[in-house]
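**Q** Pasting a predicted model and its sequence here:
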Amino acid sequence: MQNPPAGQGYGSGTGNPQTGASRPAAGGLDPKIAAAISYLWIVGLILYFMEKENRFVRFHAMQSILFGIVNMIIMTVLIILAVILTIVFGVGGAAIGGGASAIGTLLVFLIWIIVALIVLVFVIGVVLAAVKAFQGKTFKLPIIGNMAEKIVNK
């Protein structure tokens, strides 16, 4: 039986040597697994600071951190806006000026629809990026991917 060429076969740690997908990550983790689980936000934060050499893992960890921060900022602003509109327009109960207005109810409803869509986009983005990382690919999320790459390459 003939051995497969280097970089092929089971358990050979295949990956793009330029990205570091084949070099061991911090704690002896397979870099593809480390990069994929870094999309669990806190794990990404830990891996980014633990991993000093593997750019592949550091890139995915930083992309996860930035994506989480952007998501938290957007969600916080929208939820604060929804609460303010709920108080001002009296949606769902008594308010400053009397009963709920149709415009206020519609605005609050639209904001909560937007919040739900952002959550959906976030979950899809995280799952897609984690799957690509597990495949050993350097998948860049729009805008955030370039920012993560610049930070990691400093």
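**A** That came through, no problem.
**Q** Return the set of buried residues in the lengthiest helix in the chain.
**A** Assignment by DSSP state H gives helix 55-89 as the longest helix of the chain. Using 16 or more other C-beta atoms under 10 Å as the test for burial, helix 55-89 gives 55-68, 71, 82, 85-86, 89. For the C-beta atoms, the positions are set from N, CA and C on the backbone; glycine is no exception.
**Q** which other helices and strands contact the strand or helix carrying K132?
**A** Per DSSP states H and E: K132 is located in helix 102-134. Where contact means 3 or more C-beta pairs under 8 Å, 6 or more residues apart in numbering; DSSP states H and E, helix 102-134 is packed against helix 31-37, helix 55-89.
**Q** Between those, which one is closest to I113.
**A** helix 55-89 (10.4 Å; C-beta to C-beta).
**Q** gap between the longest helix of the chain and the chain center?
**A** 10 Å (C-alpha atoms, centre = their mean, to the nearest Å).
**Q** Can you give me the neighbour number for K140?
**A** 16 (other C-beta atoms under 10 Å).
**Q** what residue ranges in this protein score low on pLDDT?
**A** Applying pLDDT under 70 to the chain picks out residues 1-24, 26, 90-100.
**Q** related to what we said a few turns ago, show residues contacting the next helix-or-strand element following the helix holding K132.
**A** Note on helix 102-134: by DSSP H and E, the next helix or strand toward the C-terminus is helix 144-152. Residues outside helix 144-152 that contact it (C-beta atoms under 8 Å, 6 or more residues apart in numbering): 55, 58-59, 62-63, 65-67, 70, 139-140.
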